[in-house]
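[1] Next one to model:
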Amino acid sequence: MNHDTICALATANGIGAIGIIRISGEQSFEIVNRVFQGKNLEKADSHTVHYGFIVDGKIADGIGEKVANSQNPADNSEVIDEVMVSIFRAPKTFTAEDSVEISFHGSPHIAKKILEVLIKNGARMAKAGEFTMRAFMNGRIDLSQAESIADLIASENEASRKVALNQLKGGITNEISILRTDLLNFTSLIELELDFAEEDVEFADRTALKASLNRTEEKLRSLIDSFQYGNAIKNGVDVAIIGKPNAGKSTLLNALLKEERAIVSEIAGTTRDTIEEVLHIKGTAFRFIDTAGIRETTDIIEEIGVKKAKEKIETAKILLYLYDEFDSTPNEITDFIKEFYREDLKILLLHNKIDLQEASSVNIFDAELKEQLFPDYTSQIIGISAKNKTGIEQLKTELADYIQNLETQESTIITNQRHYEALQKSLESVKRVEDAISGKISTELLAYELRYALEYLGEISGEFTNDEVLGNIFSKFCIGK
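    Numbering: from 1, shown residues only. Purely as a prediction, here's the structure:
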């Protein structure tokens, strides 16, 4: 563990009423004391706040002297700002180290000057996520809790805030701890059997072990299944707007956003690149992607746009396919859906320009389309007029329902891709243990698979990890966190 004393701006960059600089490490009080004109911080009680001045060089001979002037020519010392300094003594701090927070007037220039004098007096600038990493390394929090801090800071809606806060309070940790305890108990018995291998005895009841593994497998599947919902509320949902050129895709995007974001023209092929905008619907971020019209073309630039559109379809979770009966046939739409259909893709067929068509004609067209699509391809038809904004609210309701249908009864929701992958690997190991018991394989191989299952679960909390993984995780944090 690095014993350097680190410092960083904890508040956002820019002008504000106040700013906060954090300092953590063994020399926190000593270093800040060198630049603080006020009470002797090394003698101050923990969790107390003290008024004074940050100076570049001590102005008065004794600590605790009040500064009379902002500049003292005698010793060339300079007052940088009037501040409040908060003292936190280890181990009851975020990092479990001695820590100080300096509250100053929120000028970026003042922040820069204070950081400069702290560094000049023995501190160094913190790396991204280094405060949180120290909290993890010092046993203050586990790895999943550390990641939840970043998620909490980045939360953009109520659902993601609640999930991140639950994880910070140890939601995932508690679930994983229960699973690991059950597996660990049986692993210990299996290891004991290895010590008495020559006596051919079984300490671990295979029937009880299998029952325990079934419970573990069920819980792992439940956590894994929660990821689709968790990922949606954390990162939003990609929605690709697809259709032929001039189908009204850009008009639909503008109608959803209630602003003229995309260029609308009667000339086919206006949209050459993808346009992405985020709209929050009932607390969830939907990332709408307006794409180039899909058709065969000899225009090189338009061809690139068509290729990008198809790539967006492959990564989208929801597909909005716009069509109108003047320029499409049920067979064309059906062929398109067949080409791009996959089980995890929700498809909404939007019959556009219904303001220009007879209701009977719309109904006949859509009835024929439904007959071709259902029940093999999951999709739904909504009549809209993107130009007149007809059907837009119904579309938003369908999108919100998509999220509601993903909701799970699981109290702990997985939102982190790393956790998701570790749970999947652990599930695979548990299934191999089950197969091993059924096949009555050797005790040694049973122990081997159980250890793997435990290790993958331990990756989530950080009990089993490596420096490269830690570096990657904490590098995504902001500097002051």
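[2] where does the chain have its least confident helix or strand?
    strand 71-72 (a mean of 43; mean pLDDT, DSSP states H and E).
[3] Check which element follows that one along the chain.
    strand 77-88 (DSSP states H and E).
[4] buried residues in that following strand?
    By neighbour count with 16 or more other C-beta atoms under 10 Å, strand 77-88 contains the buried residues 77, 79-81, 83, 85-88. Quick note: C-beta positions are derived from backbone N, CA and C, even for glycine.
[5] same deal with stretch 219-238?
    Residues of stretch 219-238 classed as buried: 219-220, 222-224, 226-227, 229-234, 236-238 (neighbour count, 16+ other C-beta under 10 Å).
[6] Start and end of that stretch, how far apart?
    Using C-alpha to C-alpha, to the nearest Å, the end-to-end distance of stretch 219-238 comes out at 28 Å.
[7] pLDDT on it, on average?
    Mean pLDDT, taken over the full extent of stretch 219-238, equals 87.
[8] where are the low-confidence patches of the stretch 351-481 of the chain?
    Within the stretch 351-481 of the chain, the stretches falling below the threshold (pLDDT under 70) are 377-378, 409-410, 440-443, 465-466, 468-469.
[9] Could you rerun that using 90?
    In the predicted model of the stretch 351-481 of the chain, residues 352-381, 383-390, 400-419, 422, 426-481 satisfy pLDDT under 90.
[10] hey, where'd the strands end up in it?
    Taking DSSP state E, counting those that start in this stretch as the criterion, the stretch 351-481 of the chain carries its strands at 379-383.
[11] ok, residue 97 - contacts?
    24-26, 28, 90-91, 134, 138 (C-beta atoms under 8 Å, 6 or more residues apart in numbering).
[12] Among those residues, the buried ones, what's the ChimeraX command?
    Those of the contacts of residue 97 that meet the burial criterion (16+ other C-beta under 10 Å) are gathered into one ChimeraX selection, given here:
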select :24,25,28,90,134,138
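[13] where's residue 364 relative to residue 371, distance?
    When distances are taken as C-beta to C-beta, to the nearest Å, residue 364 and residue 371 turn out to be 11 Å apart.
[14] Make sure residue 434 is actually in contact with residue 218.
    No. With contact defined as C-beta atoms under 8 Å, residue 434 and residue 218 do not form a contacting pair (11.9 Å).
[15] what number of residues lie near residue 343?
    With neighbours defined by other C-beta atoms under 10 Å, the count for residue 343 comes to 5.
[16] Assumed it was part of a helix.
    No. With the criterion set as DSSP: H, G, I helix; E, B strand; the rest coil, the secondary structure at residue 343 is coil rather than a helix.
[17] mind listing what the residue lying closest to residue 431 once chain neighbours are set aside touches?
    By the measure of C-beta to C-beta, 6 or more residues apart in numbering, the closest residue to residue 431 outside its immediate chain neighbours is residue 217, 6.8 Å from it. With contacts defined as C-beta under 8 Å, 6+ apart, the neighbours of residue 217 are 427, 430-431, 434.
[18] Can you tell me which of these is nearest residue 249?
    Proximity of these to residue 249 (C-beta to C-beta) peaks at residue 427, which lies at 40.1 Å.
[19] need the next SSE after the host helix or strand of residue 148, C-terminal direction.
    Element membership of residue 148 [criterion: DSSP H and E] is helix 143-154. Proceeding C-terminally, helix 143-154 gives way to helix 158-168 as the next helix or strand, assigned by DSSP H and E.
[20] Mind splitting this structure into its structural domains?
    Following automatic domain parsing, the chain resolves into domains at 6-126, 148-226+414-474, 241-315+322-406.
[21] Kindly present these as CSV, with separate columns for distance to residue 142.
    Shown next, in CSV, are the domains of the chain (distance: least, C-beta to C-beta, whole Å):
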stretch, distance to residue 142
domain 6-126, 13
domain 148-226+414-474, 4
domain 241-315+322-406, 27
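[22] hang on, the earlier thing: among the contacts of residue 217, which one is most surrounded by other residues?
    Among the contacts of residue 217, the one with the most neighbours (other C-beta under 10 Å) is residue 430, at 26 neighbours.
[23] these two touch, right, that one and residue 453?
    Yes. In this structure residue 430 lies within contact range of residue 453 using C-beta under 8 Å: 5.2 Å.
[24] Name the residues contacting each of these two.
    Overlap between the neighbourhoods of residue 430 and residue 453 consists of residue 183, taking contacts as C-beta under 8 Å, 6+ apart.
[25] re earlier: looking at the buried residues of stretch 219-238, which is nearest residue 5?
    residue 234 (34.1 Å).
[26] Contacts only, for the closest one.
    Contact analysis of residue 234 by C-beta under 8 Å, 6+ apart lists 151, 155, 160, 163, 415.
[27] Tabulate these (TSV), appending distance to residue 56 and neighbour count.
    Conversion of the contacts of residue 234 to TSV gives the following (distance: C-beta to C-beta, whole Å; neighbours: other C-beta atoms under 10 Å):
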residue	distance to residue 56	neighbour count
151	38	19
155	39	19
160	42	24
163	45	24
415	45	24
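[28] My guess is residue 257 contacts residue 277. True?
    Yes. With contact defined as C-beta under 8 Å, residue 257 counts as touching residue 277 (5.7 Å).
[29] so where do the helices sit in the stretch 1-150 of the chain?
    Along the stretch 1-150 of the chain, counting by DSSP state H, counting those that start in this stretch, helices occupy 28-35, 108-120, 130-137, 143-154.
[30] Go through these and find the least confident stretch.
    Out of the helices of the stretch 1-150 of the chain, the stretch the model trusts least by mean pLDDT is helix 143-154, with a mean of 84.
[31] ok, and what's touching it?
    With C-beta under 8 Å, 6+ apart as the contact definition, helix 143-154 has outside contacts at 129, 132-133, 135-136, 141, 160-161, 163-165, 167-168, 170, 172-173, 176, 234, 415-416, 418-419, 460-462, 465, 470, 473-474, 476-478, 481.
[32] With stretch 426-439 instead?
    By C-beta under 8 Å, 6+ apart, stretch 426-439 touches 183, 206, 209-210, 213-214, 216-217, 220-221, 224, 445-446, 449-450, 452-453, 456-457.
[33] Buried subset of the residues you listed, written for PyMOL?
    In PyMOL, this line selects whichever of these come out buried by 16+ other C-beta under 10 Å:
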select buried, resi 183+209+213+216+217+220+224+446+449+450+452+453+456+457
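[34] which ones among the contacts of stretch 426-439 are found in helices?
    Among these, the members falling in helices are 183, 206, 209-210, 213-214, 216-217, 220-221, 224, 445-446, 449-450, 452-453, 456-457 (criterion: DSSP state H).
[35] correct me, but residue 366 touches residue 350?
    No. At 10.9 Å, residue 366 and residue 350 do not qualify as touching, with contact defined as C-beta under 8 Å.
[36] any common contacting residues for the two?
    Between them, residue 366 and residue 350 share these contacting residues under C-beta under 8 Å, 6+ apart: 381, 383.
[37] More neighbours: the two, which one.
    Neighbours per residue (other C-beta under 10 Å) separate residue 366 from residue 350, with residue 350 holding more: 26 against 19.
[38] For that one, give its distance to residue 276.
    Between residue 350 and residue 276 the distance, using C-beta to C-beta, works out to 19 Å.
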